[in-house]
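Q: model this:
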Amino acid sequence: MIAVEHDRAAIQQGKLNAQKNDLTNIRWTCAAVPKAMIELNRRQEKFTKIVLDPPRTGAKDIAASLPDLGAPQILYISCNPTTLARDLAELAKRGYRLKTVQPFDFFPQSFHVETLAVMQR
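A: Okay, here's the model as predicted:
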């Protein structure tokens, strides 16, 4: 398993949480995701699943190259329905089908909603 995050503090928290939960199979990469994607593709790494949780701007910079990683399933977590729809359309062009969409209301009495979309090939 590879975890990519550009924020060093988030990497440290992730490592701490992994240690607390006895997870030892994670390789941590501190880098901007588009840059890490280039390196993963260069090394021809392949995956069974990809979990994305991009910022509000979405995954526009990497959506087209995600299929190169070979994952038959992509789990996409989004806080912005507009960028989620844009990125899912790009993945659909590249052979993925939308299997499930589940909204989560973590902030009651607000307009904010988190969404999990599952795409499969």
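Q: And what about the residue located most distally from the centre of the chain, helix, strand or coil?
A: Distance to the chain centre peaks in the chain at residue 109, reaching 27.1 Å (criterion: CA atoms, centre = their mean). Under DSSP: H, G, I helix; E, B strand; the rest coil, residue 109 falls in the coil class.
Q: distance of it from residue 82?
A: When CB to CB, to the nearest Å is the yardstick, residue 109 and residue 82 sit 22 Å from each other. Yep, even glycine has a C-beta here, placed from its N, CA and C like the rest.
Q: residues contacting the residue nearest the centre of the chain?
A: Centroid check for the chain by CA atoms, centre = their mean gives residue 52 as the closest residue, at 0.9 Å. Taking CB atoms under 8 Å, 6 or more residues apart in numbering, we find residue 52 in contact with 59, 66, 74, 75, 76, 77.
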